[in-house]
Each structure stands twice: as structure tokens, then as C-alpha cells.
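**Q** Mind folding the following:
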Amino acid sequence: MRYNDSHKAGKKESLALRKEAIPHGGWCEMKIRIKKMRPLMLCLLLVAIFISVCFGQQLLKIVGLNQEIAALEADKSRLQEESVTLEEEIVDLHNNDYLMVLARENFNMILPGEKLYLPSTENETVMEHKEVDGVILH
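**A** Numbering: from 1, shown residues only. I've put the predicted structure just below:
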């Protein structure tokens with residue numbers, strides 16, 4: 001036997017041993033199956049990436065909208081509280097006693113026969129008392 005023949009015989013034996021160790025036809029058939037599945041695996045990978053990107057964008061939109069909803073609900077609560085306060089003030093404005101208090105505090109108004117004392121400012125040096133329409137200035 002020549003070298004080539006013995007080498008071929010050794011290869012056949014090792015191939016036979018490998019086929020016996022590996023069920024269903026061996027490495028070569030497995031490599032062929034994997035090569036045939038590559039386009040399918042690539043398509044599945046691309047579909048998975050596309051779906052991930054689409055759902056990722058939708059998830060970001062959902063998170064942003066939830067934050068906006070929370071901010072709007074906080075504004076709604078604040079405005080409802082302000083509305084209640086304003087409604088209470090409207091009821092108070094129909095009360096004459098409350099109107100008198102507001103007139104005295106905000107506009108320095110007085111009832112007939114009352115006298116209003118106003119303090120002088122730092123720039124004024126008033127030595128005598130002046131009364132103008134029921135208001136006494138010092």
C-alpha cells in the first residue's frame with residue numbers, strides 16, 4: 001500500500017468512528033443543516049430586532065404619557081382646591097360683616113363717627129394733628 005492509500009484508509013476509519021459516535025449522520029450533515037437554516041435564522045433575528053425596536057418606542061411613549069398624566073392630575077387637584085377656596089370666598093362676599101372687614105383692612109374705610117389713626121412715615125415730621133374727613137394724621 002502506498003501512502004495515499006493508507007492515508008485514505010485511515011480517513012475512512014476515522015470517519016466511520018465519528019459516524020458511529022455521532023447519531024443521525026454526523027458532522028457533515030449537521031453543518032449542511034445549519035447552512036440551510038442560516039437565512040431562516042437571519043430572518044428571525046431581523047424580525048426580533050424589528051419587534052424590539054417597535055415595542056421599545058411604544059414603551060417610551062407610554063412612560064412619557066404616564067408622566068404627563070401624573071402632572072395633569074396634580075394640576076387638576078390644585079385647581080380643585082383653588083376652586084373650593086374661591087367658592088368659599090364668594091359665599092363670604094355675600095356677608096355684610098365680612099365686607100366691612102375687607103373695606104377697613106384694604107381700603108382704610110371707616111363708619112360715620114369713627115376716627116382712623118394713620119402713623120406717619122419716616123420722611124414726615126408732623127407736629128400737630130390734622131383731621132381730614134374723619135382721618136386723623138399725626
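
**Q** for this structure, which helix is longest?
**A** Counting residues, the longest helix in the chain under DSSP state H turns out to be helix 27-93.

**Q** immediately after it, which helix or strand?
**A** Toward the C-terminus, helix 27-93 is succeeded by helix 96-107 as the next helix or strand (DSSP states H and E).

**Q** CA-only coordinates of that following helix in CSV, if you can.
**A** In CSV, the C-alpha atoms belonging to helix 96-107 read as follows (Å, rounded to 0.1, in the frame of the first residue of the first chain):
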residue,chain,number,x,y,z
ASN,A,96,-72.0,92.3,55.2
ASP,A,97,-69.7,91.8,58.2
TYR,A,98,-67.0,90.3,56.0
LEU,A,99,-67.4,93.1,53.5
MET,A,100,-66.9,95.7,56.3
VAL,A,101,-63.7,93.9,57.5
LEU,A,102,-62.4,93.9,53.9
ALA,A,103,-63.2,97.6,53.4
ARG,A,104,-61.5,98.5,56.7
GLU,A,105,-58.3,96.4,56.1
ASN,A,106,-57.8,97.0,52.4
PHE,A,107,-59.2,100.5,51.8
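
**Q** returning to what we had before: any idea of the angle the longest helix of the chain forms with helix 96-107?
**A** 100 degrees (axes from the mean of the first three to the mean of the last three C-alpha atoms, to 10 degrees).

**Q** Run through the neighbouring helices and strands of helix 27-93.
**A** Contacting helix 27-93 under the criterion 3 or more C-beta pairs under 8 Å, 6 or more residues apart in numbering; DSSP states H and E is no other helix or strand. Where C-beta positions appear, they are placed from N, C-alpha and C, glycine not excepted.

**Q** I'd like the mean pLDDT over it, please.
**A** Computed over helix 27-93, the mean pLDDT rounds to 90.

**Q** And for stretch 100-109?
**A** With pLDDT averaged residue by residue, stretch 100-109 scores 86.

**Q** ditto for stretch 113-127
**A** The pLDDT scores in stretch 113-127 average 67.
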